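Participant: following is a predicted model, sequence given first.
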Amino acid sequence: MAISQQKVFTQDLEVGMFVCNLDRPWCETPFSIQGFYIENASDVTKLSGLCNHVYVDILRARIVDEKTVIDINTKPKKRWNGDEKRNTHRELFIPSYHFTRNTYPVVSAADQEIRHAQKIQNEVYGSIETLMKSVGSSGCVDMTKTRQTAKKMVDSIVRNPDAFVWLSRLKMNKSHSYSQSVNASIWAIVFGRHLGLKKKSLEALATGLLLAKIGKINSIEGLSGERSYVEESIDILKRTPGISKSILLVVAYHQERLNGSGFPRGISGEDIPILGRIASLVNFYEERINPESGSALSPSEAMAQIYKYRNRLFQQDLGEEFIKAIGVYPVGTIVELTNNEVGIVMEQNEEKKLHPKIMMLLNQKKSIIRRKRVLNLCDEIYKDENPVSIRRTLPVGSFDMDISKLCHAGHGWKPLSTLSQWCGSLFEA
C-alpha cells in the first residue's frame, strides 16, 4: 500500500477526499472507476451503506468548503406553509441505486422475538418522552439513551422483522408524534434490512427518525413562527454534542421529495442523500396509515400512492423495493376476504407475499368467530373451485377491533387468556 494512503472509517469521510481503495472488492459495488473523489453528501452516505472503512489518498485530497457536506444552516429556498399546494406532478428520473440484498437471514422465531421487541418498544417510548421533556426544559437532547434504544431496535429487526412490524400496528396511548416517529423508524430499519444496508446506516436511520419531530414541541408552544418543525428540529440537534452527520441528514431531508416539492428547502434529485430519500419514503407511508388527523389509509392504499408517485415524490427503484420489503399486506393488517369474512394477517409467505396466513376474526355476517382458525391463502391457490383471496385491506380500528388484545404465541396469534374472553375483549370500546 502506498505511503500516502490512509484508512478512514466511512462515518469520518469528507467531501474532497480521494477514495483509492475499499474494504471489499470493487466489483461488488456500483462504482465503475477504481478511485474517485467524494463530490457530495450522497457519496458519503452511499459508501457508508456499502463499507465500514475505505482508504483515501491524502496527497490527492481537494480542499472543499465543509458546507458542501450538508448546509443545514442556509435558509430554505422557499418559505414553508403547511397548507400550500406543492407541485407533486413534476417527474424527475435519476439512476437506480445498487444495494446488496439478502444480507440478513431471519435467525429468531417471531414468537420468541416479540418478547424482546415489546420490551425495547417500551424503552423507545420512554426515551422519546424523556427527549421531549429535556427539549422543553433545556433546549437540547441527551443522545445516550436514544442511541442505545435505536441500536436495540436494529438488532431485533435484523433478527426477525415481523415482531416489530406487528407492534407498529397496535394502538398506543401515546402522542401521534411519538408513535409516528417510532413506527417510521421501524419501517426504515425493515426497509434498510431488505436493502442490505450496514448496521451503522440502519442505526442512523432509526435514530434520525426517532429525533425528526422533536422540533414540534416549539410549534406546540408557539415558538416556531413561520418555520417548519424540521428547521426547529435541526436547530435543537445542532446544540446536541456528539450528533453525527448521518443522523442530521435523516432529520434534515425526511420531508423532502424527489421532484423538489417537499419542505423545508425544496431539495430535489440526487441532492437528497440516499438515507434522506429512504427516510422521506417511510415517513410518507407512516403518515398515511397513521395520520395525526383525518382518515387513515390502509397499507395497500398507502402502497398504491407510493407506486403512483414514483419518479415524482420518490425514487422509482426505492418505491418498488419498499413494496417488496414491507409487502402489500404486512403483519397486523386487517383484511376482508372474497368470502366476506374478516381476518388479520399473522405471517407473510416470503415467496408469495400476496397470499399471507390470516387468522379469521369475523364471519360473513361480520359476527365474531369464536373458534380460532388460521387460513393460509397459499393453499387457496390450488383450489379448482371458489378459492378465497383478499378483496381489500382495512384501516386499524375497523369494526371497532383493537388488535392490541392479541399476542403472538406458537405458530399463530392467540388470545391473552381464553379464546372466548379474548373474542369479547377484542371489540371492547
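Facilitator: Structure received.
Participant: verify the contact between residue 204 and residue 246 for me.
Facilitator: Yes. If you go by CB atoms under 8 Å, residue 204 and residue 246 touch, sitting 3.7 Å apart. C-betas here are computed from N, CA, C, even on glycine.
Participant: where do the contact lists of those two overlap?
Facilitator: Residues touching both residue 204 and residue 246 by CB atoms under 8 Å, 6 or more residues apart in numbering: 48, 275.
Participant: next helix or strand past the strand or helix carrying residue 156?
Facilitator: Using DSSP states H and E, residue 156 sits within helix 143-159. Per DSSP H and E, the first helix or strand lying C-terminal to helix 143-159 is helix 162-168.
Participant: list the buried ones in that next one?
Facilitator: 162-168 (16 or more other CB atoms under 10 Å).
Participant: quick check, nearest of these to residue 122?
Facilitator: residue 167 (10.0 Å; CB to CB).
Participant: what sits against that closest one?
Facilitator: Each residue near residue 167 by CB under 8 Å, 6+ apart is listed here: 114, 117-118, 121, 186.
Participant: neighbouring contacts of the helix holding residue 156?
Facilitator: The contact list for helix 143-159, computed with CB under 8 Å, 6+ apart, reads 104, 106-108, 113, 116-117, 120, 123-124, 127, 130-131, 163-164, 185-186, 189-190, 193, 199, 202-203, 206-207, 210-211, 240-243.
Participant: who's in contact with the nearest residue to residue 201 once chain neighbours are set aside?
Facilitator: Computed as CB to CB, 6 or more residues apart in numbering, the closest residue to residue 201 that is not its neighbour in sequence is residue 49, at 4.8 Å. If a contact means CB under 8 Å, 6+ apart, then residue 49 has 99, 195, 197-198, 201, 274-275 as its contacts.
Participant: pLDDT, distance to residue 287 and neighbour count added to the residues you listed, as a markdown table?
Facilitator: Listed next are the contacts of residue 49 as a markdown table, based on pLDDT from 0 to 100; distance: CB to CB, whole Å; neighbours: other CB atoms under 10 Å:
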| residue | pLDDT | distance to residue 287 | neighbour count |
| --- | --- | --- | --- |
| 99 | 78 | 24 | 18 |
| 195 | 93 | 21 | 23 |
| 197 | 93 | 22 | 28 |
| 198 | 92 | 27 | 18 |
| 201 | 94 | 22 | 26 |
| 274 | 93 | 21 | 25 |
| 275 | 95 | 18 | 29 |
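Participant: for the most centrally placed residue in the chain, identify the helix or strand it belongs to.
Facilitator: Geometric centre of the chain, nearest residue: residue 188, 2.2 Å, by CA atoms, centre = their mean. Taking DSSP H and E as the criterion, residue 188 maps to helix 176-195.
Participant: give me the buried positions along that helix.
Facilitator: Neighbour count says helix 176-195 has 177-195 buried, by 16+ other CB under 10 Å.
Participant: can you check stretch 383-401 too?
Facilitator: 390, 393-396, 398, 401.
Participant: count of neighbours near the residue nearest to residue 352 when sequence neighbours are not counted?
Facilitator: Spatial nearest neighbour of residue 352, chain neighbours left out: residue 378 (5.6 Å); criterion: CB to CB, 6+ apart. Other residues near residue 378 number 14, with proximity taken as other CB atoms under 10 Å.
Participant: helix/strand/coil for residue 19?
Facilitator: strand (DSSP: H, G, I helix; E, B strand; the rest coil).
Participant: beta partners of the closest residue to it other than its chain neighbours?
Facilitator: Leaving aside its sequence neighbours, residue 19 sits nearest to residue 54 (CB to CB, 6+ apart; 5.1 Å). Per DSSP bridges, the residues bridged to residue 54 are residue 8, residue 22.
Participant: residue 39 versus residue 54, what's the distance?
Facilitator: Between residue 54 and residue 39 the distance is 15 Å, computed by CB to CB, to the nearest Å.
Participant: in terms of neighbours, single out the busier of the two.
Facilitator: residue 54 (24 against 13).
Participant: list the contacts of that one.
Facilitator: 7-8, 10, 13, 19, 21-23, 47.
Participant: pop the domain breakdown of the chain in here.
Facilitator: Following the assignment in automatic domain parsing, the chain carries domains at 5-67, 110-326, 334-425.
Participant: chain center to the shortest one: distance?
Facilitator: Pointing back at domain 5-67 there. Remark: domain 5-67 is offset 26 Å from the chain centroid, using CA atoms, centre = their mean, to the nearest Å.
Participant: pretty sure residue 389 sits against residue 380.
Facilitator: Yes. Under the criterion of CB under 8 Å, residue 389 is in contact with residue 380, at a separation of 6.6 Å.
Participant: any shared contact partners between these two?
Facilitator: Contacts common to residue 389 and residue 380, judged by CB under 8 Å, 6+ apart, are residue 355.
Participant: buried ones in the helix holding residue 156, by neighbour count?
Facilitator: Buried, per 16+ other CB under 10 Å, within helix 143-159: 143, 145-147, 149-154, 156-159.
Participant: now it - C-alpha only, PDB.
Facilitator: Taking Å, rounded to 0.1, in the frame of the first residue of the first chain, the C-alpha atoms of helix 143-159 are listed here in PDB:
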ATOM      1  CA  MET A 143     -28.400  11.300  22.900                       C
ATOM      2  CA  THR A 144     -27.100   8.400  25.100                       C
ATOM      3  CA  LYS A 145     -30.400   6.600  25.700                       C
ATOM      4  CA  THR A 146     -31.700   7.300  22.200                       C
ATOM      5  CA  ARG A 147     -28.700   5.700  20.600                       C
ATOM      6  CA  GLN A 148     -28.900   2.700  22.800                       C
ATOM      7  CA  THR A 149     -32.600   2.100  22.100                       C
ATOM      8  CA  ALA A 150     -32.100   2.600  18.400                       C
ATOM      9  CA  LYS A 151     -29.400   0.000  18.400                       C
ATOM     10  CA  LYS A 152     -31.600  -2.400  20.200                       C
ATOM     11  CA  MET A 153     -34.400  -1.800  17.600                       C
ATOM     12  CA  VAL A 154     -31.900  -2.500  14.800                       C
ATOM     13  CA  ASP A 155     -30.600  -5.700  16.400                       C
ATOM     14  CA  SER A 156     -34.200  -7.000  17.000                       C
ATOM     15  CA  ILE A 157     -35.500  -6.200  13.500                       C
ATOM     16  CA  VAL A 158     -32.300  -7.700  11.900                       C
ATOM     17  CA  ARG A 159     -33.000 -11.000  13.800                       C
END
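Participant: quick one, the longest helix anywhere in the chain and helix 176-195 angle?
Facilitator: For the chain, the helix reaching the highest residue count under DSSP state H is reported as helix 110-138. Angle of helix 110-138 versus helix 176-195, following axes from the mean of the first three to the mean of the last three CA atoms, to 10 degrees, is 130 degrees.
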